[in-house]
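Asker: What follows is a predicted protein model with its sequence.
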There are 2 protein chains.
Amino acid sequence: MENNTIQDVVSELLTDSGDVDSQHAVIEQWEQDNSPVDIALLLESLPLTERLSTWEQLSDAMKVPVLVEMRTDASTSILNNQDEEKLLSLFTGINADTLLELQDSIPDHLLENVLGRMDEEQQNRYSAAQQFEDDEVGHWCDHQPLVVPAKTKIKVVMRLLRRHLPPHSHVIFLVDSRGNWDGTVRINRLFGADPTLRISEFSEDDFPSLNAKEDIYTAANKVAASGESSLPVITDSGLLIGRLDMGTAYELQGEKAESQLMAKAGLDEDEDLFASVRKSAQNRAIWLGINLMTAFLASWFIGLFEATLQQVVALAVLMPVVASMGGIAGSQTLTLIVRGLALGQISKANLKPLLTKEVKVGALNGVLWAIVIGLVAGYWFDSPMLGVVIGIAIVANIICAAISGIFIPVILDKFKIDPALSGSVILTTVTDIVGFVAFLGLGSVFLLG
Amino acid sequence: MENNTIQDVVSELLTDSGDVDSQHAVIEQWEQDNSPVDIALLLESLPLTERLSTWEQLSDAMKVPVLVEMRTDASTSILNNQDEEKLLSLFTGINADTLLELQDSIPDHLLENVLGRMDEEQQNRYSAAQQFEDDEVGHWCDHQPLVVPAKTKIKVVMRLLRRHLPPHSHVIFLVDSRGNWDGTVRINRLFGADPTLRISEFSEDDFPSLNAKEDIYTAANKVAASGESSLPVITDSGLLIGRLDMGTAYELQGEKAESQLMAKAGLDEDEDLFASVRKSAQNRAIWLGINLMTAFLASWFIGLFEATLQQVVALAVLMPVVASMGGIAGSQTLTLIVRGLALGQISKANLKPLLTKEVKVGALNGVLWAIVIGLVAGYWFDSPMLGVVIGIAIVANIICAAISGIFIPVILDKFKIDPALSGSVILTTVTDIVGFVAFLGLGSVFLLG
């Protein structure tokens, strides 16, 4: 049973034939063999009823760590279905960082209660973190880093380190009496050091740090770029409030990548596999609505050529080809530019050479595919002129797509709108309209009568 | 000048007014203030001519580290334009890991030459790495980890550690006389230890490890999940050949996310911002060709209804609306399922409840938007029956999109085809065709004559 996958366990739990005892054994084994991350993935793979019954069978010690690893929508689905008293006892002794992770999933009236029961030190940490926006590193960093007063004797630090080294702690942060950051010591420097010296003797003063108000994703990149396993998080006044380590940086990067892929489809990054039908439908309706408006806009432009369409029905048959080729070509340029913008590589200065290059690429591919499409269309409808018309429309639309693929993301970025999200909707609206108008317009001129 | 961004420097270098001396000063300053990553980003932001002249002005010590950080297409563009003798001297003393990173950018005849000049130890490392496929961790791991023989005295290790601790090395890997992995020691355990003891006294035997044949991205996730800063990489026979650390894991995750976004647009992940027009056009032509075939397929289905379109031209005007709503709804389901597949959450057992949920979500949103679209269309063309026809087509297409959004990625995954890449092309082909056929077919029945 050891190398069970999530799929195996889900199948065991969802099969009617499995009796309760054997299901219990399966869950117990899974909990024993796996980390909270894997248990969270398992719970998310189950419809609500089975999710709740599986949850009930987890050991109490595992429940909070598993909740932390779940998507907000999924952990909310569990917490909303629990007895209040049970939850309060579950959250007894919770620390500030864990509560910060779970605060969006815990029902509001309960949150107050949980907070009230925390010890004072953790309450203070919690409220300190709350002073930062939830896209700032001061909110999400580890608020209990390995910190010692700068005056501490090396032998004391060694005793401390020997007992326990938290993950990614190759350095110790020093603080002065007011809790301000006062240097950093690499622990390897302490080997062979005189144990009666003060730790500050080995302090490195130019160690990099993060500002608490920094964007979390930028901060994660900075940790990775520093080559260090963790960086201290400092307020404007110099207070050391926590650290961001490579483990968290990795998680943040993964979440960001996932949320970009989800956002491109108009989904919430937290959307649960088994969210309620109502909630899912609601989440997705807005994106459908926005796209509907752009589709109607394109239709309105087609409508301008009703008379032409009636006479040359081949235009109606072929018009999706013109629009879609433009959309694809434009998305390619757009994706390249969005990447460049994210990396800070696009500026006014290199926009012109970029534009030149993309237009040339567009012209080359445009002409190539225009010939192919023109030949097919001309042959299909037995009309060489139709082939010429669609060929010209294709070239025009692909070149226009290249230009739009550059300017749409650049302009959105200027207005601080994420081009990765809305760029492609606007782009395909443009390429649809240009494609339809060019094709039907040219058709009206050259194919009528 | 200290807080220059890439944009500032690019603008300085691309402006005609800037004289050579001031440009030289700008590059010098940038090199001084920034890491190889940032210098690589700067070079990639420049058209070829300026890229080459900026490259010339970098100090020799910086050139190889910068090349390593560049995308393959961009570093190739530089290496292809260099004098052979100069390059050979640049690569003098290169180590195996660096050469592995650069081997795809170095012209073949030169690679032989560079290899021949490496010292024997590095040559052996290089050929050992070559025994693994380039998606295996044995190829890409750090081949010079911190390793000591298990018999080493602690005082020797302490001396070694004190001098230098490589990044993310909170543990030391022990090897036996044949180079096989023989335990792992957390460096903090050594504080206060008797220096005359052997290091193996502190060895931990159940430390996690990676198999050298493991997929690199899976391996990166395993490092992150382990909570350790680095894991040893072991062959089937037990040989320790390297390690994978959190720094590399972070890079790999970032590259994977980027390549997914690029692949979705049919771009090569290495595509250079200023690739040559010919190369870019070539790269992108295939994707345009594939999409053209699907577009023609959809057109062929529209062509079946030529007679109907001729009589009811409103159908031609509205047909993109039906297709695009299906495409959007389907992409939402598809994206959710692709994420679930990537996390191992989708199985035969939960496919049915998932399908039920998604069809219900589709039905709900389908009916909602069908009413809106039906009213608009009916009013626009003054034909209530047209409103009914488009409404029914929308509901049918959105429900069909939900079903396709589940089965297309699941089936692709069964055949080991990445659903993140090809899923959406197939899906929109299906929703286009179903949308056109449903709408035009219903139109033929209810709106003709």
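Answerer: Everything's here; your move.

Asker: Count the residues that sit near the residue lying closest to A:D268 once chain neighbours are set aside.
Answerer: Nearest non-adjacent residue to A:D268, counting by Cβ to Cβ, 6 or more residues apart in numbering or on different chains: A:N283, 5.3 Å away. Where C-beta positions appear, they are placed from N, C-alpha and C, glycine not excepted. Residues near A:N283, counting by other Cβ atoms under 10 Å in any protein chain shown, number 20.

Asker: and A:N283, what helix or strand is that in?
Answerer: helix A:277-303 (DSSP states H and E).

Asker: re the thing from before, looks like the residue nearest to A:D268 contacts A:E269 (just checking).
Answerer: No. A:N283 lies out of contact with A:E269 (Cβ atoms under 8 Å); the separation is 10.8 Å.

Asker: Return the set of buried residues in the following helix or strand past the helix holding A:N283.
Answerer: Under the assignment DSSP H and E, the closest C-terminal helix or strand after helix A:277-303 is helix A:306-311. Residues A:T308, A:L309, A:Q310 are the ones in helix A:306-311 that count as buried (16 or more other Cβ atoms under 10 Å in any protein chain shown).

Asker: any chance of these in JSON lines, with pLDDT and distance to A:I187 too?
Answerer: What follows is the buried residues of helix A:306-311, written out as JSON lines (pLDDT from 0 to 100; distance: Cβ to Cβ, whole Å):
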{"residue": "A:T308", "pLDDT": "94", "distance to A:I187": "77"}
{"residue": "A:L309", "pLDDT": "94", "distance to A:I187": "75"}
{"residue": "A:Q310", "pLDDT": "92", "distance to A:I187": "81"}
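
Asker: ok, the residue nearest to A:D268 - contacts?
Answerer: By Cβ atoms under 8 Å, 6 or more residues apart in numbering or on different chains, the contact set of A:N283 is A:L267, A:D268, A:E271, A:A275.

Asker: try it again with 7 Å
Answerer: By Cβ atoms under 7 Å, 6 or more residues apart in numbering or on different chains, the contact set of A:N283 is A:L267, A:D268, A:E271.

Asker: So it versus A:Q260, what's the distance?
Answerer: Distance, A:N283 to A:Q260, by Cβ to Cβ, to the nearest Å: 17 Å.

Asker: Equivalent analysis for A:F407, please.
Answerer: Going from A:F407 to A:Q260 by Cβ to Cβ gives 21 Å.

Asker: Below-threshold pLDDT in the stretch 51-200 of chain A: ranges please.
Answerer: Within the stretch 51-200 of chain A, no stretch has pLDDT under 70.

Asker: ok, which residues in it are in contact with chain B?
Answerer: Residues of the stretch 51-200 of chain A lying close to chain B by Cβ under 7 Å from any Cβ of the partner chain are A:158, A:161-162, A:165, A:167-168, A:170, A:186-192.

Asker: mind checking the longest helix of chain A?
Answerer: helix A:348-380 (DSSP state H).

Asker: other SSEs contacting that helix?
Answerer: helix A:313-342, helix A:384-414, helix B:6-14, helix B:277-303 (3 or more Cβ pairs under 7 Å, 6 or more residues apart in numbering or on different chains; DSSP states H and E).

Asker: Taking helix A:348-380 as reference, get the angle to the longest one.
Answerer: Interaxial angle of helix A:384-414 relative to helix A:348-380 (axes from the mean of the first three to the mean of the last three Cα atoms, to 10 degrees): 160 degrees.

Asker: any idea of the mean pLDDT in the helix or strand following helix A:384-414?
Answerer: Counting by DSSP H and E, the next helix or strand C-terminal to helix A:384-414 is helix A:419-446. In this model, helix A:419-446 has a mean pLDDT of 94.

Asker: And for the spatially closest residue to A:L440 that is not a sequence neighbour, the neighbour number?
Answerer: In space, and not counting its chain neighbours, A:L440 is closest to A:F305: 3.8 Å by Cβ to Cβ, 6+ apart. Neighbour count for A:F305, taken as other Cβ under 10 Å: 23.

Asker: likewise A:Q123?
Answerer: The local packing of A:Q123 (other Cβ under 10 Å) involves 15 other residues.

Asker: what's the helix or strand for it?
Answerer: helix A:120-130.

Asker: Contacts for that helix, please.
Answerer: A:N95, A:A96, A:L99, A:L100, A:L115, A:G138, A:H139, A:H143, A:I241.

Asker: surely the last one meets A:K213?
Answerer: Spelled out, that is A:I241. No. Look at A:I241 against A:K213 with Cβ atoms under 7 Å: they stay out of range, at 11.0 Å.

Asker: Looking only at neighbour counts, state which of these two leads.
Answerer: The neighbour comparison of A:I241 against A:K213 (other Cβ under 10 Å) goes to A:I241, with 22 against 16.

Asker: any idea how far the more buried one is from A:S127?
Answerer: Distance of A:I241 to A:S127, given as Cβ to Cβ: 12 Å.
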